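In: I'd like to go over a predicted model; first the sequence, then the structure.
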Amino acid sequence: MDKKKDGNVDGKCEICGHPALPREVRASGKDSLLCRGCSMMELRFFLKELREQEQMEFVEFPKIARLSREIIITEKIDGTNAQVFITDDGEIRFGSRTRWITPENDNFGFAKWGTEHRDELILLGPGRHFGEWWGQGIQRKYGLSERRFSLFNVSRWNNENIPGCCRVVPMLYKGIFSEDLIHFDLFDLLINGSKAEPGWMNPEGIVIYHTAAGICFKKTLENDDEPKSKSSRKA
C-alpha cells in the first residue's frame, strides 16, 4: 500500500478504490481501509444496527414497591436547592439544582460560602450532599439575617454528626406509611409554624420520602393542587 507524503491516507478504499482515511480517524474504528464517504456510510449502518438491537432488547417490568412501608417526613424548607460534591481525592465542587456554581458565577452566594467553609464541609466525605440553602433574601427568608445550609439526608445526618457549618432538615415522622400522619404533620406546621425556624408561622410544607420506592413526594400548605410554575405566578 502506498502512503502519500502528507500522511492523510495509507491506502485505497476497499469499497470504492478512492484514497482511504488514516486508521486513527476512521469513523467505524474497524480494521479496514475506507474513504471518508464509505466510512461514514459504514458508521450509519452500524448505528442503525445498534438502534435495532436496543429496540429488540428485552426490558422487564420494574418491581412495584409496597405502599405500606417506611416513610420519612421532613419539613420542606423554602430556599434554593444546593449540593456539595466531594471526590475521592478531596476535590470539592458546589452546585445549584441545575448547574455547577462558583464564587464568580454563584447562586445566592452558596459557592462563596462553601469555599469559605471548605475545611468543615470536607468532613462530609466523598459523594454528593444535597440540601437547601435558605434564609436572608431567598424565597420566604424566614425572618433571618443570615443564610443556612440544611442537608436533606436525615437517615445519614443528624445534629450530632454534621459539620458545624451545616444543619439538617427537621424530621417530623419516621415509620409505616400513614396518610393520616401526613395530614397531621402538615396541619401541625400550619398551626404551630416552622420547625426549621421556630416562630416562623408561614412554613412551606413537607417532603415524604418512601424508602422502598426511593421516591420523594411533596405537599405544600399553599396551592398544593397547582403546578409550581402556576402558583409562583400567583405569588
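Out: Structure received.
In: Name the nearest residue to Trp200, sequence neighbours excluded.
Out: Spatially, and ignoring its direct neighbours in sequence, Trp200 is nearest to Ser194 (4.2 Å; CB to CB, 6 or more residues apart in numbering). C-betas here are computed from N, CA, C, even on glycine.
In: Now that the one you found has come up, it's in contact with Gly205, right?
Out: No - Ser194 is beyond contact range of Gly205, at 10.5 Å (criterion: CB atoms under 8 Å).
In: what do the two both touch?
Out: Shared contacts of Ser194 and Gly205 (CB atoms under 8 Å, 6 or more residues apart in numbering): Glu75.
In: Can you check the pLDDT for Ser28?
Out: For Ser28, the model assigns a pLDDT of 50.
In: that older thread, give the contact list for the residue nearest to Trp200.
Out: Residues near Ser194 by CB under 8 Å, 6+ apart: Glu75, Tyr142, Trp200, Met201, Asn202, Pro203.
In: State the pair within the residues you listed that is farthest apart.
Out: Greatest spacing in the contacts of Ser194, by CB to CB: Glu75 and Met201 (13.4 Å).
In: Let me see the domain layout of this protein.
Out: Domain assignment of the chain by automatic domain parsing yields the ranges 1-55, 70-234.
In: Quick one, which of those domains gets closest to Phe61.
Out: With CB to CB, the closest approach to Phe61 among the domains of the chain belongs to domain 70-234: 14.9 Å.
In: if we can go back for a sec, present the domains of the chain as CSV; the columns should include distance to Pro62.
Out: Formatted as CSV, the domains of the chain follow (distance: least, CB to CB, whole Å):
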stretch, distance to Pro62
domain 1-55, 18
domain 70-234, 10
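In: quick revisit: cross the contacts of Ser194 against strands and list the overlap.
Out: Glu75 (DSSP state E).
In: If any of the contacts of Ser194 are buried, give me the ChimeraX selection for them.
Out: Those of the contacts of Ser194 that count as buried under 16 or more other CB atoms under 10 Å are selected in ChimeraX with:
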select :75,142,203
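In: tell me which of the contacts of Ser194 is nearest to Phe187?
Out: Pro203 (11.5 Å).
In: Provide a list of residues in contact with that closest one.
Out: By CB under 8 Å, 6+ apart, Pro203 lies in contact with Glu75, Lys76, Asp78, Leu189, Leu190, Gly193, Ser194, Lys195, Ala196, Leu221.
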